[in-house]
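Have a look; sequence and predicted model below, questions after that.
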Amino acid sequence: MKVTCVVDDTSLPNSGFIAEHGLSFLIETSGRRVLFDTGASGKVILNNLAKVGVEPEGLSAIVLSHSHRDHTGGLAMLLERSPEIPVYAHPDIFTQRLSLKGDRLRDVSLPLSQAVMILRVQLYLDSEPVEVVPGVWTSGEISERPEPEGRSERHFVRSRGRITPDPYKDDMALVLELGDELAVICGCCHAGLLNTIYHVDRVFEKPIKAILGGLHLQEADEAHLNRVVEVLRDYGPPKLYVNHCTGNKAIAFLREAFGEAVTPFPAGSSIVLE
């Protein structure tokens, strides 16, 4: 399987990829193309997909890690270009999400309404793991969370007229089957990196060879980072291709622990996982 970072907060120099605060990955396998998240804007996702020679019409499916706008902002433009693309997500994807900036709550929800999505889109909502194309799975809901989550005090939901802290119930990862091993692609890891690893290990029962994406460790303290290193050592450690919300401090900490097994993965980067 080939995995390309299509959108990230940074991009490879002189690549023509536009950077923005957002994330998107393209997974190519056996003639199928799955897009995991859509970045924050239609302009950027279309530009960057074109850089890898992919038009929206050539996508086999879109999977959403969660509803935050920096991961779903390009969805409307993609579906406008190709309304037949099936979209996979957690059933809680339509809960209104809010982010506190200063003293103001901003709506950072999915940019398309539930009514529009149900009427116009091939929509597959499931809290259980789903095989999107052969060998590419959603993780399903990460419900057991004994370890710290990738949480922000600025994130809220509005449900039944009440505003409460976001439980990140919709947060899912993408799981790639590589023979007897797995790769895990994280969107923002709001469920928590270690909780995500435990869940994938328990559900898919194969060793995790690689972890890619945003690990939401930018606000992690040293105790949390030490715990992450401890657990990852127990798992091999896997190779880490990190970006978005991982944070420079956490990347440096992980590189000190694992050396070249930790690689930044900006937009324009790609790897082949075998």
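Cool, the structure landed.

Tell me which residue lies nearest the centroid of the protein.
Residue closest to the mean C-alpha point of the chain, counted by Cα atoms, centre = their mean, is Gly187 at 1.6 Å.

Can you tell me how far it is from His71?
5 Å (Cβ to Cβ, to the nearest Å). C-betas here are computed from N, CA, C, even on glycine.

what's the overlap in contacts for those two?
Taking Cβ atoms under 8 Å, 6 or more residues apart in numbering as the contact rule, Gly187 and His71 both touch 23, 37, 64-65.

Mind telling me the two of those residues farthest from one another?
Leu23 and Leu64 (11.0 Å; Cβ to Cβ).

These two: who's more crowded?
Counted by other Cβ atoms under 10 Å, Leu23 and Leu64 do not tie: Leu23 has more neighbours, with 29 against 24.

Nearest spatial neighbour of Arg106, chain-adjacent residues omitted?
Excluding the flanking residues, the one nearest Arg106 by Cβ to Cβ, 6 or more residues apart in numbering is Ser99, at 5.1 Å.

burial count for that neighbour?
Applying other Cβ under 10 Å, I find that Ser99 has 18 neighbouring residues.

mind listing what it touches?
Here Ser99 is in contact with 105-106, 108, 154-156 (Cβ under 8 Å, 6+ apart).

Let's see that with 6 Å instead.
106, 108, 154-155 (Cβ atoms under 6 Å, 6 or more residues apart in numbering).

and it, how far is that from His90?
19 Å.

secondary structure class for Leu119?
The three-state label given to Leu119 by DSSP: H, G, I helix; E, B strand; the rest coil is helix.

could the shared contacts of Gly187 and His71 go into a markdown table alongside secondary structure, distance to Gly259 and pLDDT?
Shown next, in a markdown table, are the shared contacts of Gly187 and His71 (DSSP: H, G, I helix; E, B strand; the rest coil; distance: Cβ to Cβ, whole Å; pLDDT from 0 to 100):
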| residue | secondary structure | distance to Gly259 | pLDDT |
| --- | --- | --- | --- |
| Leu23 | coil | 25 | 98 |
| Asp37 | coil | 28 | 98 |
| Leu64 | coil | 33 | 98 |
| Ser65 | coil | 28 | 98 |
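
in the stretch 51-200 of the chain, which spans are helices?
69-72, 75-81, 114-120, 193-204 (DSSP state H, counting those that start in this stretch).

Among those, which comes closest to Gly150?
Nearest to Gly150, of all the helices of the stretch 51-200 of the chain, is helix 193-204, at 7.0 Å by Cβ to Cβ.

Determine the set of other helices and strands touching the helix or strand of the chain with the lowest mean pLDDT.
Lowest by mean pLDDT, DSSP states H and E among the helices and strands of the chain is helix 114-120, with a mean of 90. Packed against helix 114-120, as judged by 3 or more Cβ pairs under 6 Å, 6 or more residues apart in numbering; DSSP states H and E, are no other helices or strands.
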